[in-house]
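S.K.: here are the coordinates; sequence isn't available:
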């Protein structure tokens, strides 16, 4: 039934009235449908292929997402014992709830493993590509341009990077794009229902990831300003959706201003009084002599504005965008930019094309580009690809626009051939980097080796009353819980925590291990231990991450 | 309005002069020149990661041509890093620069286009030759002069002029706070 009702996003035209029941698609329309399907398949493959193995290892944030969702599935509580929490306690900060709850069905279907934890991200990432197509089609009424833009989001290294791991930003991004798409439909249909769904989707994006608590409200304001004339005429249709959205938003608003809600921002804030004072004193002592007296007139708000400007502009650095990307291994391929280098040319060309399109659409997409880095300007480090994932959409649109101009307007065959060659070569190089280089170079960034440690632990732990595990990776307990599929009910009822549960004790390296009877000790490989060496736990590249020792035991 | 523009230009020239005066303590300017050895190092390190991969395949993805283009564009693009632009032009200069490009694309002024092409090509000399101090001043002066194309667009109403004045004020403080000019200077001190 669902298949019967499925509609392609293109209007299929008939050749003649007589052939209405048996129409044939025009060649170009067939080509467009073929392209559309090919891009969808490409987007899905790029996000799902080897999802469980690459990125290598499960980062601790992903692990705790997975275990909390598993715990919710089994007990209705997170692993801290809180029933159906709205905000989840993580390692030193608080996480927003959407990704956790999205994970529950995934874990129910696929079990507690890497694939299940990453599935919602890869799935929503793929769907975002589709939604993006519809957004651009709604905005520009141009299918060719929508297809080109969609292609660039489908192959965007920036978007793929985050869609291939459990990153909340992907969910936030999806709900924002969905909200935008439904808003554009609502503008045409003038229906309260569509506005309600759109606003709820916007609120869901804010419940997904911290950056959207800043990005989405600003974007909503901009959208309302851009479409003010249309919205004035349908004021009555907006009242109920706004009330519903506000009611749903209220708990998040309360959380935002609470100590827990501000914890993350405060821990990484760039607005530090001590840094301001240090910089001021240093200026007073070392800058150009006639200017030193100015240090007495430094103003904090102006200084902080200057810091924020520096962080903001970092996100538009051509090196960050086209050459080297974010230097955190989890956030980019590092050896290439956040997007492809050739996109620089396409984006530059696109700026000359912007005037030919609906100016509201152009304003909306450019606003998105320039507002996207705002959540990242108040925190370190900068530039930060994860907090500014939203930039991928306007950049994909601009690249699509440049490509649209070169391929459909300019019609200079040599340029087209050269560009096509460059695009194909760059794309295959990217695949090579993602699937060959990345697991080899960045396994440490993903805390690879912890899964293997738990596997070795399961192999040797029988017969030991106590297992001591070094906490060099800070929170190894979550890996022991996750990869053993430890019963969450048991963990909660025995009041387990990050330092100890069941027979496991997580210790620092200066801990005295030699008077505890016969124990199994999981140590970092560089540590000298007076005991019987049992095994090594290596990461996927064969690097020793842990050694397992028997202490005070019999040979 | 002509008098306002004159005052504005004077203010902007003064703020640029102030920045150049601040650079007098720079003992070692950052060298943006291209180092050919970086190509070899890049190729070697990338192919070293490809252990167990067919050598032809590895060389297809990591060869001197592709890496050469990558490394040279990296060097060229680094001369357009927003931080370098902000540290030399300040917020007001960057805004004027953008308005300048807009003005030229609108009016299609021949002189403007030549000037703009000059701004785009001067960094090529910076990456080919290795005279960091000279390169910095040539690069900066070309950008300073080009930014003045944006004055007409940026000062078309009282509101625009007020914003521009606010930006001049912000630029002064930006130059004060960023007196070490980390994108320009490796080592700066004043006796």
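M.R.: Nice, I can see it. No experiment lies behind these values; they were computed from the predicted model shown.
S.K.: now for the helix ranked longest in chain A, which elements pack on it?
M.R.: Across chain A, the longest stretch assigned as helix under DSSP state H is helix A:114-140. Judged by 3 or more C-beta pairs under 8 Å, 6 or more residues apart in numbering or on different chains; DSSP states H and E, helix A:114-140 is in contact with helix A:27-48, helix A:60-75, helix A:98-110, helix A:143-154, helix A:157-163, helix A:168-189, helix A:359-371, helix A:392-404. Every residue, glycine included, has its C-beta placed from N, CA and C.
S.K.: out of the ones you listed, deepest packed?
M.R.: Among the helices and strands packed on helix A:114-140, ranked by average contacts under mean count of other C-beta atoms under 10 Å in any protein chain shown, first place goes to helix A:392-404 (a mean of 27).
S.K.: buried stuff in the lengthiest helix in chain B?
M.R.: Identified as the longest helix of chain B according to DSSP H is helix B:82-107. By neighbour count with 16 or more other C-beta atoms under 10 Å in any protein chain shown, helix B:82-107 contains the buried residues B:82-97, B:99-101, B:103-104.
S.K.: could you give the number of residues near residue A:327?
M.R.: Residue A:327 has 12 neighbours, counted by other C-beta atoms under 10 Å in any protein chain shown.
S.K.: isn't there a helix covering it?
M.R.: No - counting by DSSP: H, G, I helix; E, B strand; the rest coil, residue A:327 falls outside a helix, being coil.
S.K.: that one touches residue A:334, doesn't it?
M.R.: Yes - between residue A:327 and residue A:334 there is a contact under C-beta atoms under 8 Å: 6.4 Å.
S.K.: re earlier: give me the subset of the buried residues of helix B:82-107 touching chain A.
M.R.: B:82, B:83, B:85, B:86, B:91 (C-beta under 8 Å from any C-beta of the partner chain).
S.K.: can you name the two of those that sit furthest apart?
M.R.: Greatest spatial distance in these: B:83 and B:91, 12.3 Å, computed using C-beta to C-beta.
S.K.: which neighbours do those two share?
M.R.: Shared contacts of residue B:83 and residue B:91 (C-beta atoms under 8 Å, 6 or more residues apart in numbering or on different chains): none.
S.K.: show me how far the helix or strand of chain B with the lowest mean pLDDT is from its chain's centre.
M.R.: Least confident helix or strand of chain B, by mean pLDDT, DSSP states H and E, is helix B:151-154 with a mean of 88. Centre-to-centre, helix B:151-154 and its host chain are 21 Å apart (C-alpha atoms, centre = their mean, to the nearest Å).
S.K.: which other helices and strands contact that helix?
M.R.: helix B:2-22, helix B:82-107.
S.K.: turn these into TSV, columns for mean pLDDT.
M.R.: Output for the helices and strands packed on helix B:151-154, formatted as TSV (pLDDT from 0 to 100):
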stretch	mean pLDDT
helix B:2-22	93
helix B:82-107	93
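S.K.: how near is the closest residue to residue B:132 other than its chain neighbours to chain A?
M.R.: Spatial nearest neighbour of residue B:132, excluding adjacent residues (C-beta to C-beta, 6 or more residues apart in numbering or on different chains): residue B:29 at 3.8 Å. In this view, residue B:29 and chain A are 17 Å apart by C-beta to the nearest C-beta, to the nearest Å.
S.K.: ok, residue B:29 touching residue B:184?
M.R.: Yes - counting by C-beta under 8 Å, residue B:184 is a contact partner of residue B:29 at 6.5 Å.
S.K.: wait, what's in contact with residue 94?
M.R.: Let's take chain A. A:87, A:88, A:255, A:260, A:261, A:263, A:264.
S.K.: nope, chain B
M.R.: By C-beta under 8 Å, 6+ apart, the residues touching residue B:94 are B:82, B:85, B:86, B:147.
S.K.: what's the closest non-adjacent residue to the last one?
M.R.: By the measure of C-beta to C-beta, 6+ apart, the closest residue to residue B:147 outside its immediate chain neighbours is residue B:96, 3.9 Å from it.
S.K.: I'd say that neighbour and residue B:13 touch.
M.R.: No - the criterion here is C-beta under 8 Å, and residue B:96 misses it with residue B:13 at 11.6 Å.
S.K.: now the helices for chain B?
M.R.: Assigned by DSSP H, chain B shows helices spanning B:2-22, B:37-49, B:55-61, B:64-78, B:82-107, B:110-128, B:132-147, B:151-154, B:158-177.
S.K.: ok, the stretch 351-500 of chain A next?
M.R.: All helices of the stretch 351-500 of chain A, identified by DSSP state H, counting those that start in this stretch, fall at A:359-371, A:392-404, A:413-432, A:438-441, A:450-460, A:476-483, A:488-493.
S.K.: now tabulate the ones you listed in a markdown table and tack on mean pLDDT and distance to chain B.
M.R.: Listed next are the helices of the stretch 351-500 of chain A as a markdown table, based on pLDDT from 0 to 100; distance: least, C-beta to the nearest C-beta, whole Å:
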| stretch | mean pLDDT | distance to chain B |
| --- | --- | --- |
| helix A:359-371 | 95 | 12 |
| helix A:392-404 | 96 | 15 |
| helix A:413-432 | 93 | 5 |
| helix A:438-441 | 94 | 6 |
| helix A:450-460 | 95 | 20 |
| helix A:476-483 | 96 | 27 |
| helix A:488-493 | 96 | 40 |
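S.K.: right, and these - which one's nearest residue A:386?
M.R.: Closest among these, using C-beta to C-beta: helix A:392-404, at 11.3 Å.
S.K.: touching that closest one from outside, list them.
M.R.: So helix A:392-404 is contacted by A:132, A:136, A:142, A:144-153, A:156, A:158-159, A:173, A:177, A:321, A:338-339, A:343, A:345-351, A:353-354, A:357, A:365-366, A:368-369, A:372, A:419 (C-beta under 8 Å, 6+ apart).
S.K.: close to chain B: what parts of the stretch 201-350 of chain A are there?
M.R.: A:279, A:283, A:286-289, A:291, A:294, A:298-299, A:302-303, A:305-307, A:309-310, A:313-314, A:316-319, A:322-324, A:335, A:341, A:344.
S.K.: which of the residues you listed are buried?
M.R.: Buried among these by 16+ other C-beta under 10 Å: A:279, A:283, A:287-288, A:291, A:294, A:298, A:302-303, A:305-307, A:309-310, A:313-314, A:316-319, A:322-324, A:335, A:341, A:344.
S.K.: give the contact list for residue 130.
M.R.: Unless you meant another one, I'm taking chain A. When contacts are counted by C-beta under 8 Å, 6+ apart, residue A:130 touches A:40, A:43, A:150.
S.K.: chain B is the one I meant
M.R.: Residue B:130 makes contact with B:31, B:33 under the criterion C-beta under 8 Å, 6+ apart.
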